[in-house]
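J.: Build me a model:
(2 chains)
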Protein chains: 2
Amino acid sequence: MTRDKLRIIPLGGLGEVGMNMMALEYGDDIVVIDCGVLFPESDMLGVDLAIPDMTYLVQRKERVRAVLITHGHEDHTGALPWLLRRVNVPVYAPRLAHGLIEVKLKEYRLLRESQLHVAKPGVPLELGAFAVEWYRVCHSIPDSTGLIIRTPVGTVVHSGDYKIDHTPVDGKPTDFGRLAQVGNEGVLLFMADSTYAEVPGYTPSEQVVSDTLEQVIAKAPGRVIVATFASLISRIQQVMNGAAAHDRRVCVLGRSMEDNVQMALKLGYLAAPAGLLVKVHEANSLPPHKVVFITTGTQGEPTSVLVRVAKKEHRDLSVIPGDTVVFSASAIPGNETLISRTIDDLFRLGATVLYDRIARVHVHGHASQEEQKMMISLLKPQFFIPVHGEYRHMVIHSRLAQSMGVPPANTFVLEDGDVLELNSQRGDVVDKVATGPTFVDGSRLWDTDSSVLKDRRLLSRDGFVVVMVALDKGTGRLAGKPEVVSAGFVDEPDLLDESRQLVIKTLDKGGDRPVEWSYVNSKLKEVLGRFFYEHTKRRPMIMPMSVDV
Amino acid sequence: MTRDKLRIIPLGGLGEVGMNMMALEYGDDIVVIDCGVLFPESDMLGVDLAIPDMTYLVQRKERVRAVLITHGHEDHTGALPWLLRRVNVPVYAPRLAHGLIEVKLKEYRLLRESQLHVAKPGVPLELGAFAVEWYRVCHSIPDSTGLIIRTPVGTVVHSGDYKIDHTPVDGKPTDFGRLAQVGNEGVLLFMADSTYAEVPGYTPSEQVVSDTLEQVIAKAPGRVIVATFASLISRIQQVMNGAAAHDRRVCVLGRSMEDNVQMALKLGYLAAPAGLLVKVHEANSLPPHKVVFITTGTQGEPTSVLVRVAKKEHRDLSVIPGDTVVFSASAIPGNETLISRTIDDLFRLGATVLYDRIARVHVHGHASQEEQKMMISLLKPQFFIPVHGEYRHMVIHSRLAQSMGVPPANTFVLEDGDVLELNSQRGDVVDKVATGPTFVDGSRLWDTDSSVLKDRRLLSRDGFVVVMVALDKGTGRLAGKPEVVSAGFVDEPDLLDESRQLVIKTLDKGGDRPVEWSYVNSKLKEVLGRFFYEHTKRRPMIMPMSVDV
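T.: Sure, this is the predicted structure:
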């Protein structure tokens, strides 16, 4: 390690969307930017969550000065419990994120010993060699920020998750004045959100959605049910505004949505005129054109309110012809099939369903290419690192920076674990540290290559067969009849019976000498594997087991 | 059943994309339109294919006159082997589909006894009460057709899968003249492809892609690798044209692509100047700017050439910086994650990757709203049934027909199994027959609610634990030590050892009376279930088993 260089070490979120975490290091000081989770993809069977590998930080825990949180989304905060259990350092987060993290740490019984602080935009914080300042950006949750970090090598700007919205719902646009000032003073390095680097032009303002939602609410003949993300507070405000303007009451349904609305009302991120909010029994007693429901379920999550409503399984809410259902969200990749089924089910119930393919009911929260250019233009960075996004997004984003004059040798498409050393002249990837998702599975943590997950993959395709034989300790011969059980394979007792006969035949060949179990084990696997494949064209996992009696 | 009415019975493909099959019935005569498969979705664990329920046809097999195939895609032809095994009736298909079906029936050893015939557009065929005429349409495979079916009740038109392309690659546009003539004579019922009913405007012509591909090939500094669907013959022709125009050779890679290209060349659907096609060893010896590869893998299929190339696992082809890879296809819903990983892997290898989000490298093969209107305008049908598409697509398509004057009472959004009876005045859904996908799993067929699939779902999340006890026939007590094996659960020998002790403790409580196995079985499930959940927060499938010794 070169002590007078700045080291940038992405530990999660580069090359895979979600699970954002990065270390910034100078001399003896480390600060960590964000600490998020990745929601499991379809091939992470049974896994609850993925979190970044914490090893690098745990091994240097006495040097970690703080975790700096940019905003309250789970992919930036969700892994804090796992980090704080092992590295209990101060956490600084903007006010709303602070509130959400507090709830999470309480749930994990970590709040009392945690050092959780509110970060105020514009108020710098000294952390060892670093001076950190949060600045306001627009994104799909209030109180989103980016970071201006003064280091001995130069100024680093981190964009957070952002878009440029000149007419945000909360009236708090991105702080361009501050960014221009920092840009004029000189920026060593800009690290910027790449999620929508594929998309030309500008991301539309939230205002566009306000207009659509108000029209939908104004014209709907019956009830309106708006589904969105529980953290998309500004969208909830838009729905409340539209309802209030057209003399409808609002009913918030679903635990995460209700919790978030309560918290946002308390902290002042949501404003609702008195009497606007009603409970579900009251909503159900109002005339249909007098009520709007707000709920979750836009991703087709099986336990969400909207999906249960679509399947006619919700206790308090049923869709009737004349209802209008709005999916005020876009699909998170991988969820398309579940979403599509939910929309179809609602159509079947006779609802009018509006979703992003047929109506302007959602805009997302990330910058498109012209906004990305605007930021680079304001900051004029010497070095550029695309962050947040899949690998292709980062490549495209780095080319965009190059097209604006950042020298190719000064742009770095890093992947998790790359160690970039930077001084005021140049940067080099000098090392690679261990990273990769750790899977949270109940109370256990697995690596990506855990045999447990490999077994689940096999079991999900072909099931298993367990063959059980009792062996006489003295003679080594079969005692009693072998037993065979299976699940997820075929449901045919005759075939399993036949396989028991095959086991007997196979073991009887053994003669009188005591049986070597490892031999019997592999022999049974081989004989039964062939037998089952011939009969079914499937290859179940075969596990022979024995008891000595 | 009313004998003088026409009966329309969708048996697959309405409300779910794929697996298209429909029965048309009058008096004693049944004709079947298409017979397709559905490729498994992510929750159909281990399943190879889904096919329609054939029961309705099998029970009436002496009345089935023929299967009428509209085009050669698997979702319209793939289930033929399963139908013909049980109902061996004549199959009529346009020439290219005929060629593809021939290959499939040979593979299933059904060709010899099958009655497979070529259907010629414009040449009517008498089938009992029906007179069937195929007419040409444009779609993403050559020789696509729709059907004009004269019935005693009136003329039925079925669109097949279609779009309107005035400049198709093969120079054979949709036969509007014939359709207008039929429309003028009077159409009782139009059944039309709804797949893209959500999309306003027109689907662009294939010509747009020709232009892009030619430019890409002209400008690429190194090799060009174009991936597309093996059945998208016109796209393959476009690539060959582009390569020929810029003095590059073409190498076709991958079994399904090579088979299709051979067949299409032989039947005249593809034209390649002499010397254009080269084998891979020759392609690899040419300068990079002199070669184009055509292959499959646009859906991220793990065994496809492109995915193996992206993972550096292909024997003959490696991507090097300077190569251009084109994804000339769009994502089939559900494949997004795999596709995205493949694109990222290719970016990592230094390739320039072009795909639908960033370049006009694909147009799809289905009509958008303005084309759907054009067809309705030409045919002026009395009744309208949207077919092919998810439920929401069919609802939107039926509203579009209504907006053009088809009375709402004359449009029917049917679902699989609905029996619609139609005379020249009105239509009524009078019955519901058994339908729903049948899963092909190795050599077995499962229903959707098969316990095998439910077990796979459980196993994929939490794995299993099998507990094996040997019981003394005389005393009913434990003989020897219990054994425990597990897979897909946790990989912790200590925990399993502890659970064995728990089994001993549980069974020792039994006293001296012989043990009732059903009692022991449920007791062990309960005790172990609690024990494992407390320690791991997971709920593996627990299967106790015993041998008597």
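J.: can we go C-alpha only for contacts and neighbour counts from here?
T.: Fine.
J.: which residues touch the residue of the stretch 1-150 of chain A found nearest chain B?
T.: Residue nearest to chain B within the stretch 1-150 of chain A: A:Gly46 (3.7 Å; C-alpha to the nearest C-alpha). Neighbouring residues of A:Gly46 by C-alpha atoms under 8 Å, 6 or more residues apart in numbering or on different chains: A:Asp441, B:Ser460, B:Arg461, B:Asp462.
J.: Of these, which pair is most distant in space?
T.: Distances among the contacts of A:Gly46 were taken as C-alpha to C-alpha; the most separated pair is A:Asp441 and B:Ser460, at 12.4 Å.
J.: Show me which residues of the stretch 351-500 of chain A sit near chain B.
T.: Within the stretch 351-500 of chain A, the positions near chain B by C-alpha under 8 Å from any C-alpha of the partner chain are A:357-358, A:390-392, A:395, A:441-444, A:451-457, A:459-463, A:466, A:468-470, A:479-483, A:485, A:487-491.
J.: Just the buried ones from those residues?
T.: Buried members of these, scored by 16 or more other C-alpha atoms under 10 Å in any protein chain shown, are A:390-392, A:395, A:441-442, A:451-457, A:459-463, A:466, A:468-470, A:479, A:481-483, A:487-490.
J.: Among these, which lie within strands?
T.: Of those, the ones assigned to strands by DSSP state E are A:Glu390, A:Asp441, A:Val466, A:Met468, A:Val469, A:Ala470, A:Ala479, A:Lys481, A:Pro482, A:Glu483, A:Ala487.
J.: mind checking pLDDT for the nearest residue to the third one once chain neighbours are set aside?
T.: Computed as C-alpha to C-alpha, 6 or more residues apart in numbering or on different chains, the closest residue to A:Val466 that is not its neighbour in sequence is A:Met543, at 4.8 Å. A:Met543 is assigned a pLDDT of 94 by the prediction.
J.: Helix, strand, or coil at A:Met543?
T.: Under DSSP: H, G, I helix; E, B strand; the rest coil, the three-state class of A:Met543 is strand.
J.: Surely it and A:Val469 touch.
T.: No: applying C-alpha atoms under 8 Å as the test, A:Met543 and A:Val469 come out as separate, 11.1 Å apart.
J.: Okay, now the sheet partners of the helix or strand of chain A with the lowest mean pLDDT, with direction.
T.: Across the helices and strands of chain A, the lowest-confidence element by mean pLDDT, DSSP states H and E is strand A:14-15, at a mean of 84. Strand pairing for strand A:14-15, using DSSP bridges, gives strand A:389-390 (parallel).
J.: and stretch A:391-401, how far from the chain's centre?
T.: Here the centre of stretch A:391-401 is set off from its chain's centre by 22 Å, with C-alpha atoms, centre = their mean, to the nearest Å.
J.: Only the buried residues of it, if you could.
T.: For stretch A:391-401, burial by neighbour count (16+ other C-alpha under 10 Å) applies to A:Tyr391, A:Arg392, A:His393, A:Met394, A:Val395, A:Ile396, A:His397, A:Ser398, A:Arg399, A:Leu400, A:Ala401.
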